[in-house]
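Peer 1: requesting a structural model of the entry that follows:
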Amino acid sequence: MNKIEMIMPKMGESIMEGTILKWLKKEGDYIKEDESVLEVATDKVDTEIPSTCSGKISQLLVKEGDIVNVGAPIALIESDEVNNEDNQENSFADTLENNFEDLKEDLKPDPAPASSPENKIKENLKSNKFFSPLVLNIASKENISISDLEKITGTGENNRITKYDLLKYLEDKNLEVPVNTQSLPEEIILKEGEEIIETDRVRKIISERMVESKRISAHVTSFVEADITDVFNTRKKIKDEFLEKNGFPLSFNPVFISCVSKALQEYPLMNISFKNNKIIKKNYINIGIAVALQDDNLIVPVLKDCDKLSFMEMAEKSNVLINNARNNNLSPDDLDGGTFTISNVGSFGNIMGTPIILQPQVGILAIGSIRKTPSVIETSKGDEIGIRNKLYLSHSYDHRIIDGAIGGKFAQKVAENIENFDLLSDIEL
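Peer 2: As a prediction, the model looks like this:
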């Protein structure tokens, strides 16, 4: 009987580690290939990890609550299957190779003096101990030397230093805690009629990301009104027939996604990320769709390659993504790789908003509620007053790299695409 290492799998392009939430199996249990063995949490999603082979779990190598790097062993499985060590080594090598660009981007410094924080990362790489990119990043920001890092006792796998070990070290040394973490809060003294409600893990992550985004990006928001009357009336006429034939409802979401995708193709500077004072151009369009959950939290699944999808493909795939988000069936890859985000605040009755950018993107579009509005209509007989269905587009963008002209023109282009959208020519009935 062979012993096979089960490793922490890759769970998205930018995810380098995960927290063990819960073991679903215990030592001695027999499992089948693809049977769920444990639950893992990342900063993007909670997911179940299946076994890569059938057999008996002989040893669990990590505990619940441990933070484990991608590619690290998490369990030993006794199996009758052939133990191809070369395949395991290749799998681990593939994991490192697939994540190499992220590691290289995180660790690649600009030319700087030897005493700069960037060069401290180079010094760390010469250490005999392993430090994760996250630990190295915090250490460089806090000017912690390699010699100081090596003195810290790690609580992770193989005594590796985790983020929490480093934060405790900073706390003990009375150093400033990084901006993406929270110092010890002041004691809360409740008054009569008040109570404390603990926030869940997802809300804490959202909170940290929103504060971090406001710190990083110079947010500016432009507002544009769009007339969606033609699309509104066409959808109203055909939505029942569409549902009967296709098996899923015809919402406004694919219309908005299509219009944004076309605008991004015309304004590619909105389809970038901005990191280390460098523009990273994206030659693909992946649009994140903000989805409100039943627990009032928010999650943003990503519709990939929108510029290559037909309208019907957008309609079907976005419907599946949104349903999976609401039913907690998203995979880590469903949340990764977004280049621009839309948020339909109109579903809450809001007419406009000032959305916060999802880093490292440079723009996000909030779509307001559709309202019947008296409007001036230009006709061949002159101007007339009529009732039109209109909405506001609220476009927040990063003013560090996006000027008002581009940010405003992009929003106007989306509005123009909505007003000229021919729904009947794009659907199948």
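Peer 1: which strands or helices does whichever strand or helix holds residue 261 pack on?
Peer 2: Secondary-structure element containing residue 261, defined by DSSP states H and E: helix 253-266. Secondary structure elements in contact with helix 253-266, counted by 3 or more C-beta pairs under 8 Å, 6 or more residues apart in numbering; DSSP states H and E, are strand 287-289, helix 311-326, strand 340-343, helix 404-419. C-beta coordinates here come from the backbone N, C-alpha and C atoms, glycine included.
Peer 1: check which residues of the last one are buried.
Peer 2: Taking 16 or more other C-beta atoms under 10 Å as the basis for neighbour counts, the residues of helix 404-419 that come out buried are 406, 407, 408, 409, 410, 411, 412, 413, 414, 415, 417, 418.
Peer 1: I'd like these as a markdown table, with distance to residue 266 and pLDDT appended.
Peer 2: Putting those into a markdown table (distance: C-beta to C-beta, whole Å; pLDDT from 0 to 100) gives the following:
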| residue | distance to residue 266 | pLDDT |
| --- | --- | --- |
| 406 | 11 | 96 |
| 407 | 14 | 96 |
| 408 | 14 | 96 |
| 409 | 9 | 97 |
| 410 | 8 | 97 |
| 411 | 12 | 97 |
| 412 | 11 | 97 |
| 413 | 6 | 98 |
| 414 | 10 | 98 |
| 415 | 13 | 98 |
| 417 | 9 | 97 |
| 418 | 14 | 97 |
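Peer 1: now, among those, which is nearest to residue 239?
Peer 2: Within those, the smallest distance to residue 239 is 17.5 Å, found for residue 418 (C-beta to C-beta).
Peer 1: quick one: the closest one and residue 238, what's the gap?
Peer 2: According to C-beta to C-beta, to the nearest Å, residue 418 and residue 238 sit 18 Å apart.
Peer 1: ok, now residue 24?
Peer 2: Distance of residue 24 to residue 238, computed by C-beta to C-beta: 45 Å.
Peer 1: I'd like the helices and strands packed on helix 253-266 laid out as CSV, including distance to residue 29.
Peer 2: As requested, the helices and strands packed on helix 253-266 are exported to CSV (distance: least, C-beta to C-beta, whole Å):
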stretch, distance to residue 29
strand 287-289, 38
helix 311-326, 29
strand 340-343, 41
helix 404-419, 53
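Peer 1: closest to residue 64 out of the ones you listed?
Peer 2: Judged by C-beta to C-beta, the one of the helices and strands packed on helix 253-266 that comes nearest to residue 64 is helix 311-326, at 25.8 Å.
Peer 1: mind giving me the packing neighbours of that closest one?
Peer 2: By 3+ C-beta pairs under 8 Å, 6+ apart, helix 311-326 packs against helix 229-246, helix 253-266, strand 287-289, strand 291-292, strand 302-303.
Peer 1: list the contacts of it.
Peer 2: 246, 248-251, 253-254, 257-258, 289, 291, 293-294, 299, 301-303, 306, 309, 329-330, 334, 426-428 (C-beta atoms under 8 Å, 6 or more residues apart in numbering).
Peer 1: buried sites along it?
Peer 2: Buried residues in helix 311-326, defined by neighbour count with 16+ other C-beta under 10 Å: 311, 314, 315, 316, 317, 318, 319, 321, 322, 324, 325.
Peer 1: let me know the closest of those residues to residue 142.
Peer 2: Among these, and counting by C-beta to C-beta, the member closest to residue 142 is residue 325, at 36.2 Å.
Peer 1: pLDDT score for the closest one?
Peer 2: Among the per-residue scores, residue 325 shows a pLDDT of 91.
Peer 1: nearest spatial neighbour of residue 134, skipping sequence neighbours?
Peer 2: Counting by C-beta to C-beta, 6 or more residues apart in numbering, residue 163 is the residue found nearest to residue 134 once chain neighbours are left out, at 5.6 Å.
Peer 1: on that earlier part again, what about the helices and strands packed on helix 253-266, which gets the closest to residue 28?
Peer 2: For those, distance to residue 28 was read as C-beta to C-beta. The smallest value, 33.9 Å, belongs to helix 311-326.
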